[in-house]
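Chemist: sharing a sequence plus its predicted fold:
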Amino acid sequence: MKSKSDEELIELIVQNHRPALEELYDRYVKLIYSFSIKITKGDTEKTKEIVQQVFLRLWTTKRTYNPSQGQFVNWLLTITRNISIDLIRKEQKYKGTVQLELEEWQQIQGLQSDDVQQQVSRNLLKQQIQEAKRHLSEPQQRLINLLYWEGYSLSEIAELEQKPLGTIKSRLHQALKKLRNNFNGKIGGVRHGE
Amino acid sequence: MENKCDNLSLYIINELTNQDKKQFEDHLLKCAKCQQELKSIQETWQMLSYDVEETEVPESLKSEVMDFVFEENKFLKHEEKIETEPISFKERILSVAKRHFSPISTAVTAILIICLIGFYWNSLQLKDTIKSLENKAADPTQIVTTYSLTGQSLAASATGSAYLLQEGTETSLVIALNNMPITKGDEVYQVWLLKNGNRQSAGTLIPDQNGSGLITYRLPPEYSFEDIGVTLEPNPFNTQPQGQKVLGT
């Protein structure tokens, strides 16, 4: 089981093969757990709930995974984030719905498996993204944090920040571009023109 | 066009309405700049998920997660089965009963249902009885066949009619005779039913002073005959005719 690729494990899962799910658990639980505990701000009960839902989603998936669709781990993290945000929003009684599984797969389409993230360890990735974030202005950092980790929508953020929605949209665009440029620059990837 | 390119970030964070999303996807096919940007910014957006401190996972979590997944999944499968697989009526009723009723209320419900079926059955029976009574009452006596009897020899002027009557399952023969010569002494007129040369007595009669007489004879079940004959018998209770024939079909 340990010698199998993520792709092979997903195929086995679609055929209701329990040890395959357990193997994926062993491979990715630490990342999912770490992610969830950050998004729940250290709430271990909520974290457990998220991890359970993620693996339930994995077990009930009807779609096999093809490496050309992008990295499996990114799909897993997209699911984890969507489930987490859904939980947070339910508790905060925010409006909004989670994305469907199909959209989660679509979101990672086009990303090649030889992408940068595979070439470096998670720990290095973390350092790179934290370094890239330091180049953001304080309002840009706050925006990314509220949007990505707190699950606020752009219009909610506009309200919180007491700024027009247009300003927040353009702030997001600038923040993402700046992150991208600094991130790629650090690890020697191709720098895209602004 | 520039405006459309601005939607790139909103597309990545999935905050476009369905219509705007569709429009952006159409735009994406034509805009090389957006295609290139999409890939790299999407990657960056996903990189954000690595901005976490590695945390030790509790050892007990694995069994909790697996229990949850397989228990939950069993439940989902069960629901799916109920929704998709054709199951027997009985199973469906049992499953509905199981989900909605406690054992006591199920028992009470069952008893009520049995009583209800009992009442319904009873009422059906009653309905049948009433219907058959109605039928019986309403069933008019029907004349199945009429016969005309002609007098001969000493009763040449006599006339007669016979009616075969059907009343429910019973068949009766009614014979009415007129202008019959008055009988003397023990003499009686006797009616015979003829079949294949055999004669069966259908009763005797003594006409009134006007020469009229009526006799009703209930036929044995499944009995049929070909002809009717009337004889003048010297005494009643004959099983075979001794006197002469005076009337016949």
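Modeler: Thanks, I have it.
Chemist: secondary structure element holding B:Asn122?
Modeler: Using DSSP states H and E, B:Asn122 sits in helix B:103-138.
Chemist: next one: that helix to chain centre, how far?
Modeler: In terms of C-alpha atoms, centre = their mean, to the nearest Å, the centre of helix B:103-138 is found 15 Å from the chain centre.
Chemist: give me the low-pLDDT residue ranges for chain A?
Modeler: A:92-121, A:184-194 (pLDDT under 70).
Chemist: just checking, A:Asn123 touches B:Glu54?
Modeler: Yes: under the criterion of C-beta atoms under 8 Å, A:Asn123 makes contact with B:Glu54 at 7.5 Å. No exception for glycine: its C-beta is placed from N, CA and C like everyone else's.
Chemist: ranges for the helices of the chain?
Modeler: Since you didn't name a chain, this refers to chain A. Remark: helices assigned in chain A by DSSP state H are A:6-14, A:18-39, A:44-60, A:72-92, A:101-107, A:116-119, A:122-133, A:138-144, A:154-161, A:165-187.
Chemist: right idea, wrong chain: chain B
Modeler: Listed in chain order, the helices of chain B (DSSP H) span B:2-5, B:8-12, B:18-30, B:32-47, B:61-84, B:89-100, B:103-138.
Chemist: worst-scoring helix or strand of chain B, pLDDT-wise?
Modeler: In chain B, the helix or strand scored least confidently by mean pLDDT, DSSP states H and E is helix B:89-100, which has a mean of 65.
Chemist: and the helices of chain A: which comes nearest B:Leu177?
Modeler: helix A:44-60 (96.7 Å; C-beta to C-beta).
Chemist: how about the closest one: buried residues?
Modeler: Buried residues in helix A:44-60, counted by 16 or more other C-beta atoms under 10 Å in any protein chain shown: A:46-59.
Chemist: spell out for me which residue occupies the centre of chain B.
Modeler: What sits nearest the mean C-alpha location of chain B, by C-alpha atoms, centre = their mean, is B:Leu124, with 11.8 Å.
Chemist: so how far is B:Glu167 from that residue?
Modeler: Between B:Leu124 and B:Glu167 the distance is 27 Å, computed by C-beta to C-beta, to the nearest Å.
Chemist: likewise for A:Ile168?
Modeler: From A:Ile168 to B:Glu167 the distance is 99 Å (C-beta to C-beta).
Chemist: go on, A:Arg57?
Modeler: Applying C-beta to C-beta to A:Arg57 and B:Glu167 gives a distance of 81 Å.
Chemist: the residue nearest to A:Pro164 when sequence neighbours are not counted: how many residues sit nearby?
Modeler: Spatially, and ignoring its direct neighbours in sequence, A:Pro164 is nearest to A:Ala158 (6.6 Å; C-beta to C-beta, 6 or more residues apart in numbering or on different chains). Neighbour count for A:Ala158, taken as other C-beta atoms under 10 Å in any protein chain shown: 18.
Chemist: next, the contact list for B:Leu205, please.
Modeler: When contacts are counted by C-beta atoms under 8 Å, 6 or more residues apart in numbering or on different chains, B:Leu205 is found next to B:Leu177, B:Val188, B:Tyr189, B:Val191, B:Gly213, B:Leu214, B:Ile215.
Chemist: and the closest residue to the fourth one other than its chain neighbours, how many residues sit next to it?
Modeler: Right, the one you point to is B:Val191. Closest residue in space to B:Val191, ignoring its immediate chain neighbours: B:Ala202 at 4.1 Å, by C-beta to C-beta, 6+ apart. By the criterion of other C-beta under 10 Å, B:Ala202 has 21 neighbours.
Chemist: my guess is A:Ile32 contacts A:Val51. True?
Modeler: Yes: if you go by C-beta under 8 Å, A:Ile32 and A:Val51 touch, sitting 5.7 Å apart.
Chemist: still on that earlier bit, A:Ile168 and B:Glu167: who's more crowded?
Modeler: Taking other C-beta under 10 Å, A:Ile168 and B:Glu167 do not tie; A:Ile168 has more neighbours (22 against 13).
Chemist: list the contacts of the more buried one.
Modeler: A:Ile168 touches A:Leu143, A:Leu154, A:Ile157, A:Ala158, A:Glu161, counting by C-beta under 8 Å, 6+ apart.
Chemist: then A:Lys30?
Modeler: A:Lys30 touches B:Glu54, B:Thr55, B:Val57, counting by C-beta under 8 Å, 6+ apart.
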